[in-house]
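Undergrad: Predicted structure and sequence below. I'll ask about it afterward.
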Amino acid sequence: MLKDKKFSSMNRFTGIYLVAVLVLWIKTYIVQVTQFNLEVKGVLQQFLLVINPLGAVVLLLGLSFFFKKDKRKLTALVVIYTLMTILLFANAVYYRFFSDFITLPTVTQTQNFGDLGGSVLSLLKWYDILFFIDVFALMYLRFSKKTHKLVNEKRGTLKNATLILAVSVGFSVVNLALAEIDRPQLLSRGFDRTYIVKYLGMYNYTAYDTYETVQASSERVLADSSDITDVLNYTRSNYAKPNKEYFGAAKDMNVIYLHLESFQTFLLNYKVDGEEVTPFLNKLMKDQETLYFDNFFHQTGQGKTSDAEFMLENSLFGLPQGSAYITKGQNTYQAAPNILKGEGYTSAVFHGNNGSFWNRNVIYKQFGFDHFYDASFYDTSSPKDMAEYGLLDKPFFKQSEPYLKELPEPFYTKLITVGNHFPYKMDQDLVTIGKEKTGDQSVDDYFQTARYLDESVKQFFQQMKKDGLDDNTMVVLYGDHYGISSNHNKAMAQIMDKEITPYENTNLQRVPLFIHVPGMKGGVDHTYGGQIDLLPTLLHLLGVDTQKYVQLGTDLLSKDHKEIVAFRNGGFATPNYFFVDDKYYDNKTGELLSEDQIPEAEKIKAEVSEKLSISDKIVNGDLLRFYTPEGFKATEPSTIDYTNKDAK
C-alpha cells in the first residue's frame with residue numbers, strides 16, 4: 001500500500017516537472033559546451049557554465065504551475081519545454097556559420113529565410129535529432145492514457161509557483177553575483193554576446209537581448225532635436241580634412257562599386273597547387289592607377305552584407321543586434337545617392353536576387369537610389385546560371401551591361417555579387433581551379449568560388465573597356481565580410497600555416513579595398529581603416545567636402561585620419577594595438593600588452609566605445625530627421641518606384 005502511494009506521488013505533475021528541469025538543464029549545459037566556442041577558463045567559469053541554465057529552466061518551466069489542472073499544467077510544460085529546445089537548437093545552427101547568437105532583431109528578418117535554402121540545410125548535422133528526443137518523450141507522456149490516470153485533476157494553488165519563483169530568483173542572483181566577480185560590469189559592457197552566454201547562459205542571454213532591443217526601439221520615441229547637438233559636435237571635432245593631392249582626383253567621373261561577397265584579403269596572392277586563386281585581382285593590385293589598402297577591415301555585425309552596405313552608403317555603423325536594413329528601414333538618412341544627386345549624379349543598384357531580400361527595396365528608397373535592378377530585371381530561367389542567392393556573377397555582369405549603359409552620366413552605382421557565398425558550392429563544370437585539401441569542405445571549396453569571382457571581375461573590366469567607360473569611371477572593389485568564420489580555425493591553421501589565436505583571427509578580418517581611378521597615382525597603402533571610412537574617402541576623391549555631413553568615418557587618404565578600426569563588438573585594431581575578447585595585444589608581436597602599454601590602449605578603447613555609442617544614438621533615435629545640411633535635399637522616398645514595368 002505504501003509502495004503504491006509512493007509510486008503515485010512520484011508520477012504526479014511535480015515529479016514530471018522536476019525530471020523535465022533536470023533533463024533540460026543537462027541538455028543545455030552539453031549544448032553550451034559542445035556547440036559554442038565560449039573559451040571557458042578556470043574553475044569559476046566552468047562552475048558558472050554548469051549552473052547558469054538552471055535559474056531560467058526552473059523559472060520558465062515553472063510557469064506551467066500557474067495553470068489550474070494537472071493536464072493543463074502538463075500541456076503548458078510540453079509547450080514551454082519544446083520552445084526552449086527550439087531556441088537552443090536554432091542558436092546552435094546559427095552559430096555554426098556566424099559564430100554568433102540569434103538576437104530578437106534577427107528573428108524579424110524572416111523575409112530572408114526563403115532565400116537561404118541550401119545554406120541552412122548545409123549547416124544541419126545528422127546528430128541534430130538528439131536535440132529533440134527528450135521533446136518527443138515528453139509529448140508521448142502528455143498524450144499517454146497511463147499519464148492521464150496518474151496525474152491529479154485537483155485545482156492548483158500558487159504555493160508551488162511561488163516557491164519555484166523564489167528558487168529561480170535565488171539561482172539567478174547567485175549566478176550574476178559570481179559572474180560579476182570574474183567579469184565586472186558584465187551587463188553594462190554587453191557588446192560581445194559570447195560573454196553573456198558564457199556567464200549567464202543561453203536563456204538569460206535571450207532575456208537580456210530582448211530588454212536591449214526594446215530599449216533601443218524606444219529611443220526614437222524619446223528622441224528630440226536637442227539630441228543631434230552632441231552628434232554634430234562629435235563629427236565636427238573628428239572631421240578629417242581632404243588630402244590636397246587626391247581631393248577631386250575623380251571629379252565628375254562615374255562611380256562603380258563592385259561588392260565582393262564574403263571575400264577576405266588572405267585570398268590575394270594565395271596559390272592552390274601552385275596556381276594563383278585570384279590572378280586578375282593580384283594584377284589589379286599592382287596597377288599604376290589603383291590604390292590598394294592592405295590594412296582594411298570589415299566592421300560588420302549580425303547584419304553582415306547589409307551592414308557593409310549600410311556603412312558604405314552612410315558612414316554609420318550597423319546595429320549591435322540584427323540589421324538596420326530591417327529594423328531601421330524607414331529612418332531618415334544622408335546617404336551617398338542623395339548627397340551625389342546634388343552633384344548631378346544618377347544612382348542605381350544591381351543585384352540578381354529578390355528585391356525584398358534584406359529589405360533592400362524599402363531602404364534603398366530612403367537612401368535615395370533612383371533605380372534598383374533586382375531579379376525581376378534579369379533572366380533567371382536557366383538553373384546553370386543560378387547560385388543560391390541569385391544570378392551567378394558572370395551572367396549577372398553580362399545582363400547588367402545594357403542597364404548600366406543606359407544610365408545618364410555621371411552615375412553612382414553598385415553591383416552586388418553572390419557567387420562567392422557560403423556554402424561555396426559550385427557546378428564543377430564552371431570551376432577552373434582545384435580545391436584545397438584541409439578536409440573542411442567549406443574551406444576547401446572557398447577557393448573555387450573565389451576564383452570564379454576573380455574571373456567575373458576580369459570580365460566586367462573588359463566589358464567596361466569595350467563600352468568606353470574605362471577612362472571616365474572610378475571603380476571601387478571591396479570585400480563585405482569574412483567568408484570563413486572562426487568555427488573553421490582548425491582548417492585555417494593549415495591554410496595560414498600558423499595557429500589561429502584570437503589575435504590571428506582578427507588579422508583574418510581584413511577584406512580587400514581597391515580604388516581604381518584613371519589618371520590617379522596608385523600604389524599599396526598601409527593605412528589602417530574600415531568600411532565606415534569609405535564614404536568620406538569616396539566623396540573627397542569626387543571633390544565633395546564632407547564637413548557638413550554626419551559621418552563617423554574619415555577619409556583614408558587624409559593626414560588627419562586616425563588609424564583606429566572599431567569593431568561592432570567593441571574591439572579594435574590599430575597599427576600598434578589590437579583589442580580582442582577583452583584582451584589587449586601588441587600588433588607587432590601578437591603577444592599580450594605589458595602593464596605600461598595598457599593605459600594608452602584603454603584610451604583607444606574609450607574612443608571606440610564613444611564612436612559606437614554615437615552611431616547607435618543616431619540610428620536608434622533616427623536623429624538625422626532633426627538635421628538637414630545646408631544645400632542638401634533628399635528625394636522623397638514615396639516618389640521612387642523600382643517596379644520593372646516590362647517584366648512579364
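TA: Received, thanks. Computed from a predicted structure; not experimentally measured.
Undergrad: So what are the sheet partners of the host helix or strand of residue 478 and their directions?
TA: Residue 478 is part of strand 473-479, with elements assigned from DSSP states H and E. With DSSP bridges as the criterion, the sheet partners recorded for strand 473-479 are strand 254-260 (parallel), strand 513-516 (antiparallel).
Undergrad: in the shortest one, what's buried?
TA: Put plainly, it is strand 513-516. Of the residues in strand 513-516, those buried by neighbour count under the rule 16 or more other C-beta atoms under 10 Å are 513, 514, 515, 516. Glycine gets a C-beta too; all of them are placed from N, C-alpha and C.
Undergrad: again with stretch 207-214
TA: For stretch 207-214, a neighbour-count test (16+ other C-beta under 10 Å) marks 207, 208, 209, 212, 213 as buried.
Undergrad: Restrict that stretch to CA atoms and write it as CSV.
TA: Once side chains and other backbone atoms are set aside, the C-alpha atoms of stretch 207-214 remain, and they are given as CSV (Å, rounded to 0.1, in the frame of the first residue of the first chain):
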residue,chain,number,x,y,z
ALA,A,207,16.1,37.8,-21.9
TYR,A,208,18.9,40.4,-21.8
ASP,A,209,18.8,40.7,-25.6
THR,A,210,15.1,41.3,-25.6
TYR,A,211,15.5,44.0,-23.0
GLU,A,212,18.3,45.7,-25.0
THR,A,213,16.2,45.5,-28.2
VAL,A,214,13.1,47.0,-26.6
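Undergrad: mean confidence score for stretch 292-309?
TA: Across stretch 292-309, pLDDT averages out at 96.
Undergrad: Pull out the buried residues from that stretch.
TA: Within stretch 292-309, the residues that qualify as buried are 292-293, 295-309, counting by 16+ other C-beta under 10 Å.
Undergrad: Please list the members of those residues that lie in strands.
TA: Counting by DSSP state E, the part of the buried residues of stretch 292-309 found in strands is 292, 293, 295, 296, 297.
Undergrad: contacting residues for the first one?
TA: Put plainly, it is residue 292. Residues touching residue 292, when contacts are defined by C-beta atoms under 8 Å, 6 or more residues apart in numbering, comprise 284, 285, 512, 513, 514, 515, 522, 523, 524, 525.
Undergrad: With adjacent residues omitted, what lies nearest to the second one?
TA: What it means is residue 285. residue 292 (4.6 Å; C-beta to C-beta, 6 or more residues apart in numbering).
Undergrad: The last one too?
TA: Leaving aside its sequence neighbours, residue 525 sits nearest to residue 293 (C-beta to C-beta, 6+ apart; 5.0 Å).
Undergrad: what sits against that neighbour?
TA: Neighbouring residues of residue 293 by C-beta under 8 Å, 6+ apart: 512, 513, 515, 524, 525, 526, 527, 529, 556.
Undergrad: tell me the phi and psi of residue 347?
TA: Summarising the backbone geometry of residue 347 under the convention degrees, to the nearest 10, its torsions are phi -130, psi 150.
Undergrad: Can you say which helix or strand has the residue nearest to it when sequence neighbours are not counted in it?
TA: The shortest distance from residue 347 to any residue other than its chain neighbours is 3.8 Å, reached at residue 337 (C-beta to C-beta, 6+ apart). Under DSSP H and E, the secondary-structure element containing residue 337 is helix 336-341.
Undergrad: which residues make contact with that helix from outside it?
TA: Outside helix 336-341, the residues that reach it (C-beta under 8 Å, 6+ apart) are 255, 312-314, 345, 347, 367-370, 412, 535, 538-539, 542, 544, 549, 632-635.
Undergrad: List the buried residues for it?
TA: Going by neighbour count (16+ other C-beta under 10 Å), the buried part of helix 336-341 is 336, 337, 338, 339, 340, 341.
Undergrad: gap between the strand holding residue 478 and the chain center?
TA: 22 Å (C-alpha atoms, centre = their mean, to the nearest Å).
Undergrad: Same check on stretch 71-85?
TA: On the basis of C-alpha atoms, centre = their mean, the separation between the geometric centre of stretch 71-85 and that of its chain is 33 Å.
Undergrad: Name the residues of it that come out as buried.
TA: Using 16+ other C-beta under 10 Å as the burial criterion, the residues of stretch 71-85 that qualify are 71, 73, 74, 76, 77, 78, 80, 81, 82, 84, 85.
Undergrad: avg pLDDT for the host helix or strand of residue 601?
TA: With secondary structure defined by DSSP H and E, residue 601 is part of helix 598-620. The pLDDT scores in helix 598-620 average 97.
Undergrad: got the CA positions of it in PDB?
TA: This file holds the C-alpha atoms of helix 598-620, laid out as PDB (Å, rounded to 0.1, in the frame of the first residue of the first chain):
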ATOM      1  CA  ILE A 598      47.700  49.200 -21.300                       C
ATOM      2  CA  PRO A 599      46.700  52.800 -20.300                       C
ATOM      3  CA  GLU A 600      47.300  54.000 -23.900                       C
ATOM      4  CA  ALA A 601      45.300  51.100 -25.300                       C
ATOM      5  CA  GLU A 602      42.400  51.800 -22.800                       C
ATOM      6  CA  LYS A 603      42.200  55.400 -24.100                       C
ATOM      7  CA  ILE A 604      41.700  54.000 -27.600                       C
ATOM      8  CA  LYS A 605      39.000  51.600 -26.200                       C
ATOM      9  CA  ALA A 606      37.200  54.600 -24.700                       C
ATOM     10  CA  GLU A 607      37.300  56.400 -28.100                       C
ATOM     11  CA  VAL A 608      35.900  53.300 -29.800                       C
ATOM     12  CA  SER A 609      33.100  52.900 -27.300                       C
ATOM     13  CA  GLU A 610      32.100  56.600 -27.700                       C
ATOM     14  CA  LYS A 611      32.000  56.300 -31.500                       C
ATOM     15  CA  LEU A 612      29.800  53.100 -31.400                       C
ATOM     16  CA  SER A 613      27.600  54.800 -28.900                       C
ATOM     17  CA  ILE A 614      27.200  58.000 -31.000                       C
ATOM     18  CA  SER A 615      26.300  55.800 -34.000                       C
ATOM     19  CA  ASP A 616      23.700  53.800 -32.100                       C
ATOM     20  CA  LYS A 617      22.100  57.100 -30.900                       C
ATOM     21  CA  ILE A 618      21.900  58.400 -34.400                       C
ATOM     22  CA  VAL A 619      20.400  55.200 -35.900                       C
ATOM     23  CA  ASN A 620      18.100  54.100 -33.000                       C
END
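Undergrad: Understood, closing this out.
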